[in-house]
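Q: Kindly return the folded structure for what I paste below:
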Amino acid sequence: MSGHSKWATTKHKKAVVDSRRGKLFTKLIKEITIAARMGGGDPEGNPRLRLAIVKAKEANMPHDNMKRAIQKGTGELPGESYEEIMYEGYGPGGVAVLIEITTDNKNRTASDIRHLFSKAGGNLGEAGCVAWMFSKKGYLLVSKDGADEETLMAAALESGAEDIRSDDPESYEVLTAPADFERVRAALSAAKLPVTTAEITMIPSSTVAIEGKDAETMIRLMDALDDHDDVNHVYANFDVPQDVLQKVEA
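A: As a prediction, this is how the structure comes out:
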């Protein structure tokens, strides 16, 4: 899990930069629109929409932007017709990569993603080639600076968390079933624990340690995929040295 923890922290820092340049808003609006289209415009009865709105608020998205995105999803306003696609492939060193896409032009997007993999010496694979290595989980990172371990254990386990891990030197990792994620998140918030990352994500069953050129190339690939407007989430099972991740944060 250490690799996942380090990358989750890095993504959080990158998201702050992304929000300043507007890129994060684009992705959040797509997610809100899709969530409203699939589950309706009432966040009380639509967990996916509820989480998307939480993320949008964290990014300081104006309320009117969220409202328009919901209305486009429910058909109250005209909007683009988005399609959700999952791409799977391999990066440098045999790292498994899973990519969630939202696009209005899948041919264009497929060409773009294939090009990014090719530049990194990787390749897209067939459906199912790596998805079996990942499990969908609720995932929360709690900073050890300001978090009492006993308080965390009590709040997390009593609210339904599956596991708590402390391998990372800076954060505790809390895993939940997707259905229990919001309840655990609320419990940690009520206990005033410093949650730095909270998301529904795909957790790899095992990781691949890579170093040197492969590690740097893999991080560049993740960065390029994250930057693509049609990419919602990228998951991978790599574990790389901290100094390589610091280059991304710089």
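
Q: Show me the helices in this structure, by range?
A: Applying DSSP state H to the chain gives helices spanning 2-20, 23-39, 47-58, 63-74, 106-119, 149-158, 181-190, 212-227, 242-249.

Q: Make JSON lines out of those helices and add mean pLDDT and distance to E88.
A: Where C-beta positions appear, they are placed from N, C-alpha and C, glycine not excepted. As requested, the helices of the chain are exported to JSON lines (pLDDT from 0 to 100; distance: least, CB to CB, whole Å):
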{"stretch": "helix 2-20", "mean pLDDT": "56", "distance to E88": "18"}
{"stretch": "helix 23-39", "mean pLDDT": "89", "distance to E88": "20"}
{"stretch": "helix 47-58", "mean pLDDT": "90", "distance to E88": "22"}
{"stretch": "helix 63-74", "mean pLDDT": "93", "distance to E88": "26"}
{"stretch": "helix 106-119", "mean pLDDT": "95", "distance to E88": "11"}
{"stretch": "helix 149-158", "mean pLDDT": "94", "distance to E88": "31"}
{"stretch": "helix 181-190", "mean pLDDT": "94", "distance to E88": "24"}
{"stretch": "helix 212-227", "mean pLDDT": "89", "distance to E88": "13"}
{"stretch": "helix 242-249", "mean pLDDT": "65", "distance to E88": "23"}
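
Q: quick one, which of those is nearest to Y90?
A: Ranking the helices of the chain by distance to Y90, with CB to CB as the measure, places helix 106-119 first at 8.1 Å.

Q: just to revisit the earlier point, ranking the helices of the chain by burial, who's on top?
A: Of those, the one with the most neighbours on average (mean count of other CB atoms under 10 Å) is helix 23-39, at a mean of 21.

Q: just how off-centre is that one within its chain?
A: 14 Å (CA atoms, centre = their mean, to the nearest Å).

Q: And for stretch 113-126?
A: 20 Å.

Q: export it as CSV, just CAs?
A: Extracted in CSV, the C-alpha atoms of stretch 113-126 (Å, rounded to 0.1, in the frame of the first residue of the first chain):
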residue,chain,number,x,y,z
ILE,A,113,-4.2,7.6,-24.7
ARG,A,114,-2.5,5.1,-27.1
HIS,A,115,0.0,7.8,-28.0
LEU,A,116,0.8,8.6,-24.4
PHE,A,117,1.5,4.9,-23.6
SER,A,118,3.6,4.5,-26.7
LYS,A,119,5.8,7.5,-25.7
ALA,A,120,6.4,5.9,-22.3
GLY,A,121,7.3,2.5,-23.8
GLY,A,122,4.1,1.0,-22.6
ASN,A,123,1.0,-0.3,-24.4
LEU,A,124,-2.8,-0.5,-24.1
GLY,A,125,-4.2,-4.0,-23.5
GLU,A,126,-7.4,-5.8,-24.0
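
Q: Please identify which of the helices of the chain is closest to K137.
A: Proximity to K137 (CB to CB) singles out helix 181-190 among those, at 8.2 Å.

Q: Show me what the closest one is packed against.
A: helix 47-58, strand 134-143, helix 149-158, strand 171-176, strand 195-204 (3 or more CB pairs under 8 Å, 6 or more residues apart in numbering; DSSP states H and E).

Q: how about a markdown table for the ones you listed, with distance to E211 added?
A: Shown next, in a markdown table, are the helices and strands packed on helix 181-190 (distance: least, CB to CB, whole Å):
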| stretch | distance to E211 |
| --- | --- |
| helix 47-58 | 33 |
| strand 134-143 | 23 |
| helix 149-158 | 32 |
| strand 171-176 | 23 |
| strand 195-204 | 18 |
